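>>> coordinates for the following, if possible.
(chains A and B)
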Amino acid sequence: MKVSIYTSCVVDLLFPNVAIAMVEVLERFGVEVDVPDKQICCGQPTYNSGYREESQKTLINQLESFKDSEYVVGAAGSCVAMLKEYEEIFKDDPKYARMAKELNEKTYEFTQFLNRVLGLTDVGATLDAKATYHRSCHMTRLLKERETPFILLDHVKDLEMIPIPHIENCCGFGGTFSVKEPVISNQMVTEKMNDIIDTGAEVLISADMACLMNIGGKFNREGKRIKIMHIAEVLNHGIDESRVHIPDSVHA
Amino acid sequence: MGLKTSTKTFDERLQASIEDTFMQKAVAKAQDDQWVKREGAREELGHWEMWRELGEQIRKETIAYLPDYLEQFSDNVEKNGGHVFFAQTEEEARDYVRKVTLEKQAKKIVKSKSMVTTEVGLDQMLLELDGVSVMETDLAEFILQMDDWDEPSHIVFPNIHKNREQIRKVFEKKLGYDGDNEPVHMARFARKVLREFFLEADIGITGCNFAIADSGIINLVTNEGNADLCISIPKTQIVLMGMERIVPTMEEAEVVDNLLSRSAVGQSLTSYVTFAGRTNSDESDGPEDFHVVIIDNGRSNALGTVFQPMLQCIRCGACLNVCPVYRHIGGHGYGSIYPGPMGAVLSPILGGYEDFGDLPYASSLCGACTDTCPVKIPLHQLLIEHRVKMTDDLKMTHGLDDLTLRVIGKATASPILFKMAMKMDHLPSGVLSKHKQTSVENLYNYDGYLNMGPGLLGGWTSIRDLPRPPKGKDAFREWFKHHKKEQQGGQ
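Now for the predicted structure:
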C-alpha cells in the first residue's frame, strides 16, 4: 500500500516534527510513503477570503501533485476537508472534474486513514500524561469526522483524557480571520485558553496544527505553560513494539 | 431605527462590545443554557436530521415558487375580506401603515412580535404622527422602548444584553416603579401598564411567523400571548411580513413551527400558537379590518442568485446561539437589526456592502451556524459568497490585506516560488524575532518567536506569538530526502 503525505503549509513551513511523526507511524505499519514534491497549499486561505479566481491555480497545482497517488493522507482536518471539497468546486470543469472526484475519494485525514482504512485502534503508543483534545471546527463540521481521533487516543497507554468545556467552540483561528479580525479572534482564543486551563491538562492535543499554533501562541504570549502535541506525535510516542501489528489491509 | 442600527464604524462597535464585559457574560451564559435546552428538545423529537431535511425542502420549494404562493395567499386574504399591500421599499411600507392609521383616526397602537417593523423604521414614523402613541407589548421590546428605544441585540432575546437591575432602573425612571428587581415582580408591573394600553388600542400591529397560502391566515408562535391580545382587542389589525415568510398549507406550518420552537427556545412548542385572520361573521373578537403588508425591501436581491437559500430563514436565532463570534461581540457589534451569522449574510443582501461589507469577514467560518440551522441554510458558505462578490466581482479592495492575499494566491500556486519561500523564510524572520523563555513546549523549538510583522502578520502577532520557521536543513522535505536515502541504503 502506497500513501502520499499531504503536509499542509503550516506543517511544511513550521512543524516538520508533525510530518515526520506521520511518516514514522505509517511506515511502522508497513505502508510505503512518498511526499510529492509539487504539493503546496490546499488553497483555503485565498479561496475562503473570496479570491476565487486567484486560488484556481493553487487548487489545480494540488490536483496535479496527487494525480498518481493511491492514497493521500493529510496532517490537518481542515486542509483535508478543502481537498475533498474540490469535487464540488470543479464539478462543471471538463478538464478537472474527474481528477477532483478521484482526489476526494482517495484522500483521508491522518487518524481517519489509520482507523477507517487500516482498521487500527491501538497503534502501540504510550504517553503518561493528562491531556485534553481540541476538536477543530473544520475537521468536525466540514470533514464530518468526530470519532477517529478519540478512538485512537483511547488506546494510547497511560494517557488520561480530560473533556474540555465548550468543545464545539472555535479557537478563533479561522485562517485569515485570525489576522483580519484580531480583536474578535483574541476574545475567542482567550476563552479557549481558559477552558483548557480549567481542565488541568498538561498536554493539548489536536489533529489541526493551525489551531494548536493559534492556541499555543496565546499561551506563550500570556506566559502560561502547556505542552502542545499534534495527534501524530502522540501516536508516535513511547512505542511498545509488542502492540504493533501490521494489518492485513496493508498487503492488499 | 431601521435595518442599520448604528452610525458607528464596525471597529468602533467592536471596541464597545469588547469593553462590555457584562454583555459578554450574559450572552455566553444564554448560549450555554440554550445549548442544553435545544439539544434536549431535538432529542425529544427524535430523527432531527430528517426533520431538518423536511424543513429545508419545504422552505426551498416555497421560495422557488414564491410569486405563486404570495399570489395565492393574497387572493385568500382578500376573499376573507382583508386587504393586502405589496411594499417594495421601506418607505412604501411606512406610507401604507400611515395611511391606515390616519384613516382610522387611531390614537393608540399596540405592537407585538415584529422585527420587520424595526427594519422598515415604522416606530419612528408612528411616533412622528400627531396624537398617536405606540406601545411595544412583548416584554423585552417594551423594556427596550422604555429605555429610549435601545437597540435589540438578538432576534429571539432582544434584551439579552441587559440585566435585571438595569431593567429595574429603567422602570423606576420612566414608569415610577418602586419595587425590587425580581423578574416576576417587574413582569407583573409591566403587564399592568400594558393591559391599560391594550384595552384602549385602536390598531394592533403584529408580524407573522408564517403566512399560510392556501387559507390566507397568519401563524404566530409566542410565549407571552401579547400578540393574541394585539389581534383580538383592537378593531383594526395590520400584519407586516417579509415576503419570504410564507408556507403553502397548515401542514407545512406544523413542521416549521416544530423546528422553530425547538431551535429558538428549546421548547417543543411555545405557549401560544395562533392562527388568525379577519374575524369571521360568527366570532365575537378579532379584527374587523385586517391588513397585510408584504415587504420586499431588498429581499428580491437574493432571488435567482447564489444567496436565494437565505430566504429560507425562519428567524429562530439558533445560529446566534452557537456562534463563537456572536458570543463575544453580542448583537450590537453587528450594527444591524439582524445580527449573528444570519444577519451577517442577510444584512448585506438587504442593505448593501457599503454599510454591511465588514460583516461577512467577521466570521471564522467554523460552520457551527450551518450545522445548527434547522432549515439547512449553508450560512458560512454564503459568507464566503459575499467575500467572493466583494473581491472577485466588485473588485472592492482591502488595502494591504488585499495585496497580501493576492501574493499568497500566487505563492501557493507555484511550487518554485513556494520552495524558495521555504528556504528563505528563516532568514528574514530573524530580524523580527524575539527571544524569551517559552512556556509552550513543542511549539517554539526553532530559535524564538516572531513578535511583530507587516500587514497580515501584524494581526497575528498583536495578540499571540508565532513560532519561527526551522532552518532549511531542518525542514521536513529535507529530512524526508535523507530518510529515503537511508532506507534505500539500508536495503
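
>>> quick one: strands adjacent to the host helix or strand of residue B:221?
Assigned by DSSP states H and E, residue B:221 belongs to strand B:217-222. Within its sheet, and counting by DSSP bridges, strand B:217-222 is paired with strand B:210-212 (antiparallel), strand B:272-276 (antiparallel).

>>> which elements pack onto the very next helix or strand once past it?
Helices and strands here follow DSSP H and E; after strand B:217-222, the next one along the chain is helix B:226-232. Applying 3 or more Cβ pairs under 8 Å, 6 or more residues apart in numbering or on different chains; DSSP states H and E, we find helix B:226-232 packed against strand B:108-112, helix B:183-200, strand B:203-206, strand B:217-222, strand B:272-276. In short, each C-beta sits where N, CA and C put it, glycine included.

>>> quick one, what contacts the residue of the stretch 1-150 of chain A found nearest chain B?
As assessed by Cβ to the nearest Cβ, chain B sits closest to residue A:50 within the stretch 1-150 of chain A, at 2.8 Å. Shown in contact with residue A:50 (Cβ atoms under 8 Å, 6 or more residues apart in numbering or on different chains): B:384, B:386, B:387, B:388, B:389, B:390, B:391, B:392.

>>> which residue packs closest to residue B:235, ignoring adjacent ones?
Counting by Cβ to Cβ, 6 or more residues apart in numbering or on different chains, residue B:235 lies nearest to residue B:288, which is 5.1 Å off, once chain neighbours are set aside.

>>> thinking again about what came up before, just checking: which of the contacts of residue A:50 also lie near chain A?
Among the contacts of residue A:50, the residues that sit close to chain A (Cβ under 8 Å from any Cβ of the partner chain) are B:384, B:386, B:387, B:388, B:389, B:390, B:391, B:392.

>>> filter the residues you listed down to the buried ones and hand me the ChimeraX line.
Of these, the buried ones go into a single ChimeraX selection, burial set by 16 or more other Cβ atoms under 10 Å in any protein chain shown:
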select /B:384,386,387,388,389,390,391
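
>>> about what we covered before: distance-wise, check the residue nearest to residue B:235 relative to chain A.
From residue B:288 across to chain A, the span is 50 Å (Cβ to the nearest Cβ, to the nearest Å).

>>> what sits up against stretch B:368-377?
Against stretch B:368-377 from outside (Cβ under 8 Å, 6+ apart): A:137, A:141, A:168-170, B:38, B:51-53, B:55-56, B:58-59, B:256, B:259-260, B:262-263, B:309-310, B:312-314, B:316, B:318-319, B:321-324, B:340-342, B:345, B:378-381.

>>> let me know the pLDDT of the closest residue to residue B:298 other than its chain neighbours.
Nearest residue to residue B:298, sequence neighbours excluded (Cβ to Cβ, 6+ apart): residue B:350, at 3.7 Å. As summarised for this prediction, residue B:350 has a pLDDT of 98.

>>> what about residue B:350, neighbour count?
Other residues lying near residue B:350 total 25 when counted by other Cβ atoms under 10 Å in any protein chain shown.

>>> secondary structure element holding it?
Element membership for residue B:350, per DSSP H and E: helix B:340-351.

>>> helices or strands next to that helix in the packing?
Packing partners of helix B:340-351 (3+ Cβ pairs under 8 Å, 6+ apart): helix B:318-322, helix B:324-329, helix B:353-356, helix B:368-372, helix B:379-388.

>>> please redo it, this time with the cut-off set to 7 Å
Counting contacts by 3 or more Cβ pairs under 7 Å, 6 or more residues apart in numbering or on different chains; DSSP states H and E, helix B:340-351 is packed against helix B:318-322, helix B:379-388.

>>> so which of these is the most packed in?
For the helices and strands packed on helix B:340-351, the largest average neighbour count (mean count of other Cβ atoms under 10 Å in any protein chain shown) is found in helix B:318-322, namely a mean of 29.

>>> just the CA atoms of it, as CSV, please.
What follows is helix B:318-322, C-alpha atoms only, in CSV (Å, rounded to 0.1, in the frame of the first residue of the first chain):
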residue,chain,number,x,y,z
ALA,B,318,-30.2,29.2,16.7
CYS,B,319,-27.2,30.3,14.6
LEU,B,320,-26.7,33.2,17.0
ASN,B,321,-26.8,30.8,19.9
VAL,B,322,-24.0,28.7,18.6
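
>>> can you pull out the residues in contact with that helix?
B:31, B:34, B:38, B:154-155, B:263-264, B:326, B:339-342, B:368-369, B:372-374, B:379 (Cβ atoms under 7 Å, 6 or more residues apart in numbering or on different chains).

>>> tell me the mean pLDDT over stretch B:457-475?
Across stretch B:457-475, the average pLDDT comes to 85.

>>> how about stretch A:39-58?
The average of the pLDDT scores along stretch A:39-58 is 92.

>>> so residue A:130 lies in a strand, does it not?
Yes - the assignment for residue A:130 (DSSP: H, G, I helix; E, B strand; the rest coil) places it in a strand.

>>> and the stretch 251-400 of chain B, which residues reach chain A?
B:324-325, B:328-329, B:361-368, B:371, B:384, B:387-388, B:390-392 (Cβ under 7 Å from any Cβ of the partner chain).

>>> ok, back up a step: comparing the strands paired with strand B:217-222 by mean pLDDT, which bottoms out?
Looking at the strands paired with strand B:217-222, the weakest mean confidence is strand B:272-276, a mean of 94.

>>> returning to what we had before: what would the helices and strands packed on helix B:340-351 look like in TSV with mean pLDDT and distance to residue A:206?
Shown next, in TSV, are the helices and strands packed on helix B:340-351 (pLDDT from 0 to 100; distance: least, Cβ to Cβ, whole Å):
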stretch	mean pLDDT	distance to residue A:206
helix B:318-322	97	20
helix B:379-388	96	20
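
>>> for those, which one sits closest to residue B:85?
Nearest to residue B:85 among the helices and strands packed on helix B:340-351 is helix B:379-388; the distance by Cβ to Cβ comes to 29.9 Å.

>>> what sits up against that closest one?
So helix B:379-388 is contacted by A:48-50, A:52, B:306-307, B:309-310, B:319, B:341-342, B:344-345, B:348, B:360-361, B:363, B:365, B:367, B:369-370, B:373 (Cβ under 7 Å, 6+ apart).

>>> any of the contacts of helix B:318-322 buried? List them.
Counted by 16+ other Cβ under 10 Å, the contacts of helix B:318-322 give B:31, B:34, B:38, B:154-155, B:263-264, B:326, B:339-342, B:368-369, B:372-374, B:379 as buried.

>>> any idea which residue of the stretch 151-252 of chain A lies closest to chain B?
Closest approach of the stretch 151-252 of chain A to chain B (Cβ to the nearest Cβ) occurs at residue A:174, with a separation of 2.7 Å.

>>> not including adjacent chain positions, what is the nearest residue to that residue?
Once flanking residues are discounted, residue A:174 sits nearest to residue B:364: 2.7 Å by Cβ to Cβ, 6+ apart.

>>> one more: residue A:112?
For residue A:112, the spatially nearest residue (Cβ to Cβ, 6+ apart) is residue A:148, at 5.1 Å.

>>> tell me what the host helix or strand of residue B:256 is packed against?
If you go by DSSP H and E, residue B:256 is part of helix B:250-265. With contacts defined as 3+ Cβ pairs under 7 Å, 6+ apart, the packing partners of helix B:250-265 are helix B:21-45, helix B:48-64, strand B:210-212, strand B:217-222.

>>> contacts only, for residue 89.
You didn't say which chain, so I picked chain A. Taking Cβ under 7 Å, 6+ apart, we find residue A:89 in contact with A:59, A:100.

>>> let me rephrase: I mean chain B.
residue B:297.

>>> and residue A:157, bridged to which residues?
residue A:126.

>>> after the lowest-mean-pLDDT helix or strand in chain B, which helix or strand is next?
Least confident element among the helices and strands of chain B, by mean pLDDT, DSSP states H and E: helix B:426-432 (a mean of 66). With elements assigned by DSSP H and E, the helix or strand that comes after helix B:426-432 is strand B:433-434.
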